[in-house]
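>>> coordinates for the following, if possible.
(chains A and B)
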Protein chains: 2
Amino acid sequence: MPLADFRSPRLFVDAPLSAGAGVALERGPANYLGNVLRLGAGDAVLVFNGRDGEWRAVIAGGKRADRLDIVARTRPQDSLADLAYVFAPLKHARLDYMVQKAVEMGACALQPVLTQHTQASRVNLERMRANVIEAAEQCGILGIATVEQPLPLERYLAGRDGRRLLVFCDEAAEVASPVAALSARGRGGGIDVLIGPEGGFSEAERAALLKQPQVLRLSLGPRILRADTAAVAALALVQATLGDWITADQC
Amino acid sequence: MPLADFRSPRLFVDAPLSAGAGVALERGPANYLGNVLRLGAGDAVLVFNGRDGEWRAVIAGGKRADRLDIVARTRPQDSLADLAYVFAPLKHARLDYMVQKAVEMGACALQPVLTQHTQASRVNLERMRANVIEAAEQCGILGIATVEQPLPLERYLAGRDGRRLLVFCDEAAEVASPVAALSARGRGGGIDVLIGPEGGFSEAERAALLKQPQVLRLSLGPRILRADTAAVAALALVQATLGDWITADQC
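This next block holds a predicted model:
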């Protein structure tokens, strides 16, 4: 687990990347490089587009950076694990935070679901996408998690692939060993991790969740957790038992 | 894991609590109850002081709440597990957030340590205490984690109890199974969980850490994590293997 290191600025660009290519900088990234990071012509940055790996690039232009010259590939593209983070959206800054955390923890898809006690009824998908990109930039992640359209919980459940494991973090579950429960499932196959709203699931929702074919109802300890904390905790347990926090020979 | 539920306002008060007692409300809590929570005379809240358990209280006073009448105990005092969170402080809002998260995850003590790459050189301990209380209020935690004076890492290491397990989250550790490594340690005894600065530990610091008697160097996966994310992830793994996220009969 390398901790975030801000000494190597990393920038997402929505353009093909190859040695010798030039990428025009839009005003937003240009301002970020110049005014926030205080970089100028000749300085190096790392860039990625979610498809072509990570590349070293050099800032070009006059007083204002207006182009990146792509130099050499520093890392090949990798693929994100098939781990979706499904959640009742929170409001404002806490949603930003939760999205960033889910990306840091390795989620490949973010699926908002609207439940009976969901606090936020509208979700700003553009803002979610910007948070996905920011987290990927800061944490050296090369794939860009997808941001799905919000769905009512029952429509989400009706449409999901029942072969995927559904890890359903339930505030009403008895405290039991989450590690043992997760480890008992075999590795391999897609996983959906669901964190509900801070008001909890309704009884009808809980019953519908428990009818899903591959469902694992998980306890996250005896204390009340805020939803963004539960997100990181649940994803940590999943990654450390079924995901990429274990090396292959330790399966 | 009950998720946070804001329907039962909970207030920390620094006064003895017993049935029939009256607790004068200072301006801050009175404003919070009246202007934020929109509660007034006759409304019920839950109060705790870190020593006497949790009590139901009724707001008293005229137009402005100025007193709480303590009615009946709702929960006995419990004690926090002997789990210290030791960390290189971050700046501003991210430190607030990290402190709140460590409390939610059940830490009983917060120990800032200053390392070579620590970003923040000053730590506002009063602000940390306020964040401890806020998290305890919101998450139904009855004990108040202590906030320790910041120490340079080497002084902290020289003074700590070597019988305690030191879980040292190392960004340079090979990815291996954190759950297996933690589970191999027996339960019982105090635990210190150390998260370094986002610039990482220096080689000299790493060497000093590895000389500690009961040290466990932990990997938190292949991706870069921000320090506040690493905090929640590491505490989740510790609680789920050695802490109170497992019931006694599953030890």
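
>>> and A:Arg127, how far from A:Ala120?
12 Å (Cβ to Cβ, to the nearest Å). Every residue, glycine included, has its C-beta placed from N, CA and C.

>>> what residues do those two have in common as contacts?
Applying Cβ atoms under 8 Å, 6 or more residues apart in numbering or on different chains, one finds that A:Arg127 and A:Ala120 are jointly contacted by A:Leu95.

>>> neighbour count: those two, which is higher?
Ranked by neighbour count (other Cβ atoms under 10 Å in any protein chain shown), A:Arg127 and A:Ala120 place A:Ala120 first, with 17 against 14.

>>> that one contacts A:Phe87, doesn't it?
No. Taking contacts as Cβ atoms under 8 Å, A:Ala120 lies outside contact range of A:Phe87: 10.6 Å.

>>> excluding its backbone neighbours, what's nearest A:Cys108?
Spatial nearest neighbour of A:Cys108, chain neighbours left out: A:Leu80 (3.6 Å); criterion: Cβ to Cβ, 6 or more residues apart in numbering or on different chains.

>>> check A:Arg187 too.
A:Leu242 (5.1 Å).

>>> what sits against that neighbour?
So A:Leu242 contacts A:Leu165, A:Leu182, A:Ser183, A:Arg185, A:Arg187, A:Ile191 (Cβ under 8 Å, 6+ apart).

>>> same question, A:Arg185
Counted by Cβ under 8 Å, 6+ apart, A:Arg185 has contacts A:Leu165, A:Leu216, A:Leu242.

>>> and it, what pLDDT?
A:Arg185 carries a pLDDT score of 88 in this model.

>>> residue ranges with poor pLDDT in the stretch 51-200 of chain A?
For the stretch 51-200 of chain A, no stretch has pLDDT under 70.

>>> what segments of it are strands?
A:54-61, A:65-75, A:83-87, A:109-114, A:146-147, A:151-152, A:165-169, A:191-195 (DSSP state E, counting those that start in this stretch).

>>> who touches the residue nearest to A:Cys108 in this structure?
By Cβ under 8 Å, 6+ apart, the contact set of A:Leu80 is A:Gly106, A:Ala107, A:Cys108, A:Ile141, A:Gly143, A:Ala145.

>>> over to A:Ala240. Which of the three states is it?
Secondary structure, DSSP: H, G, I helix; E, B strand; the rest coil: A:Ala240 is helix.

>>> how many neighbours does it have?
Neighbour number of A:Ala240 under other Cβ under 10 Å is 28.

>>> and it, how far is that from chain B?
A:Ala240 sits 5 Å away from chain B, taking Cβ to the nearest Cβ, to the nearest Å as the criterion.

>>> correct me if wrong: that residue contacts B:Val179.
Yes. The criterion here is Cβ under 8 Å, and A:Ala240 meets it with B:Val179 at 4.9 Å.

>>> show me whatever sits in contact with both of these two.
A:Val179, A:Ile246, B:Leu237.

>>> out of these, grab the one that's most surrounded.
B:Leu237 (30 neighbours).

>>> most centrally placed residue in chain A?
A:Val103 (2.1 Å; Cα atoms, centre = their mean).

>>> and the helices in chain A?
Ranges of helices within chain A are A:27-31, A:92-104, A:125-139, A:153-159, A:178-183, A:203-210, A:227-241, based on DSSP state H.

>>> from the ones you listed, which stretch is densest packed?
Among the helices of chain A, the stretch with the highest mean neighbour count (mean count of other Cβ atoms under 10 Å in any protein chain shown) is helix A:227-241, at a mean of 27.

>>> show me how far that helix is from its chain's centre.
For helix A:227-241, the separation from the chain centroid amounts to 12 Å (computed by Cα atoms, centre = their mean, to the nearest Å).

>>> does A:Thr118 touch A:Pro197 like I think?
Yes. Assessed by Cβ under 8 Å, A:Thr118 is found in contact with A:Pro197 at 4.7 Å.

>>> between these two, which one's more packed in?
In this view A:Thr118 and A:Pro197 are compared by other Cβ under 10 Å, and A:Pro197 has more residues nearby, 24 against 21.

>>> what's the closest non-adjacent residue to that one?
A:Ala88 (3.7 Å).

>>> no further queries at this time; thank you.
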